[in-house]
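Novice: next come a sequence and a model predicted from it.
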Amino acid sequence: MSGVARVLLGLALAVPLAGSLTGCITLPTDGAVVDADVAGEQMEDQVSSIDGRPPQPGASRVEVVNGFLESMMAWPISTNVAKEYLTDDAAAEWSPDSTIIYSSLATPREDGSTVSRRMRDATLLDQSGGWRGAIPADRSTLEFQLTVEDGEFRIVDPMDALVVRTTWFQQRYRQASLYYFDPTGQVLVPEPVFVPAGESFSTNLVNALLAGPPSRLRGVVDTFIPSGLSVGLSVPVVDGIAALDLQGDAPQTSPAVAELMLAQLAATLSQEPEITALRVTIGGKAVDPPGGAAQYDVDSAEAFDPADTGTAGVLYGLHR
């Protein structure tokens, strides 16, 4: 990983979620009643597929860097073409685990075998899609070291992040929440994140949840979903029932822990209106809902809703 990447991925700046993506919003005080569209949801069915353009023979260093940056905005998301701009060793190791968003790029600068591009209005999402804030202007320059491999320029040190334009991001990502538990295991805690929208929305939600809480939330939230699980190719939904065939070792869990696991998955997937219930297996073994039910209704997660904790009339505040 390059020095720039280490600096970017080490940032932990807290800013409002509005940030530079949404700009200023004001509320109307008069006028007709109209239907409002949630940003991102209206666009997800309209955006077109984008195929990455592979490197061309004889491309210059700058052209290789520009092609790499453009190919990261393939849609549906794929890094296959982007890896063609890297050396064989770099392509084998490169696995973007965060997202950098920028409004525009300054003119490229070439210094020997290094090409740099300065990002304007750069912000960072962590591995789970959580908002990490603005990247300072003095740390917003991407630097790429290039070498010659098989007679063509290739990038040696890509940053471990997907780097995309704000306009591309706004049209293709959706704000949602991943649901964990408070340390007592009694109340579900939503963690706001941004995930790719479209047909893979449910799959992306589950993948993000399976990754577990980010390190910045240690001691704040907990998860009852075992580590090391993967969702496979997709989360199929038939007649409103989502089938989660999770890959990995099936743990020995008590009925109480199984219920908490199902509640996390149900609360997270309830953001997809099509889904009304879940059936979950881990390593081919069914995770049984409470009471021997055949499936777990997403509404069952409301038993752990933080807005319904039986403390009506009591006001709470959080200090430090």
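Specialist: Yep, that arrived.
Novice: going by C-alpha atoms from here, please, whenever you check contacts or count neighbours.
Specialist: Fine.
Novice: measure Pro255 to Ala293 for me?
Specialist: To Ala293, Pro255 is 12 Å away according to CA to CA, to the nearest Å.
Novice: how about Val47?
Specialist: Taken as CA to CA, the span from Val47 to Ala293 is 40 Å.
Novice: which one of those two has more residues nearby?
Specialist: Taking neighbours as other CA atoms under 10 Å, Val47 and Ala293 compare with Val47 leading, 14 against 9.
Novice: over to the closest residue to the more buried one other than its chain neighbours. Which of the three states is it?
Specialist: Leaving aside its sequence neighbours, Val47 sits nearest to Gln171 (CA to CA, 6 or more residues apart in numbering; 6.9 Å). Here Gln171 is helix, with the state taken from DSSP: H, G, I helix; E, B strand; the rest coil.
Novice: again, but for Val163
Specialist: Val163 ends up strand, using three-state DSSP.
Novice: that one reaches Pro96, doesn't it?
Specialist: No - distance between Val163 and Pro96: 9.2 Å, which falls outside the contact criterion (CA atoms under 8 Å).
Novice: between the two, which has more neighbouring residues?
Specialist: Ranked by neighbour count (other CA under 10 Å), Val163 and Pro96 place Val163 first, with 25 against 14.
Novice: the more buried one pairs with what?
Specialist: Ile100 (DSSP bridges).
Novice: that one and Leu278, how far apart?
Specialist: 34 Å.
Novice: chain neighbours aside, what residue packs nearest to Gly212?
Specialist: Per CA to CA, 6+ apart, closest to Gly212 is Thr223, 6.7 Å.
Novice: same thing with Ala242?
Specialist: Leu278 (4.9 Å).
Novice: which residues does the helix or strand harbouring Val189 contact?
Specialist: In this structure, Val189 sits in strand 188-196 according to DSSP states H and E. Identification of contacts with strand 188-196 by CA atoms under 8 Å, 6 or more residues apart in numbering yields 128-131, 172-182, 201, 204-205, 221, 264, 304-306.
Novice: can you list the residue ranges for strands in the stretch 51-200 of the chain?
Specialist: 99-102, 104-105, 109-111, 114-120, 123-125, 131-134, 141-149, 152-155, 162-165, 173-181, 188-196 (DSSP state E, counting those that start in this stretch).
Novice: least confident secondary structure element in the protein?
Specialist: helix 19-22 (a mean of 38; mean pLDDT, DSSP states H and E).
Novice: what packs against the longest helix anywhere in the chain?
Specialist: The longest helix of the chain (DSSP state H) is helix 255-269. Taking 3 or more CA pairs under 8 Å, 6 or more residues apart in numbering; DSSP states H and E as contact, the helices and strands that helix 255-269 lies on are strand 173-181, helix 201-210, strand 277-282, strand 296-297.
Novice: okay, and the beta partners of Ser104?
Specialist: Arg120.
Novice: residue contacts, it?
Specialist: Contacts of Ser104 (CA under 8 Å, 6+ apart): 119-121, 165.
Novice: returning to what we had before: need the buried ones from the contacts of strand 188-196 selected in PyMOL.
Specialist: Here is the PyMOL selection string for the buried members of the contacts of strand 188-196, based on 16 or more other CA atoms under 10 Å:
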select buried, resi 128+129+130+131+172+173+174+175+176+177+178+179+180+181+182+201+204+205+221+264+304+305
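Novice: related to what we said a few turns ago, the residue nearest to Gly212 and Leu265, how far apart?
Specialist: Taking CA to CA, one finds Thr223 at 10 Å from Leu265.
Novice: those two - which one has more neighbours?
Specialist: Leu265 (25 against 20).
Novice: close enough to count as contact, the more buried one and Val206?
Specialist: Yes - using CA under 8 Å, Leu265 makes contact with Val206 at a distance of 7.3 Å.
Novice: low-scoring stretches of this structure, by residue?
Specialist: For the chain, applying pLDDT under 70 flags the ranges 1-46, 308-313.
Novice: okay, which residue is most central for it?
Specialist: Centroid-nearest residue in the chain: Gly129, 3.4 Å away (criterion: CA atoms, centre = their mean).
Novice: the residue nearest to Val47: how many residues sit nearby?
Specialist: Neighbour tally, Gln171, other CA under 10 Å: 19.
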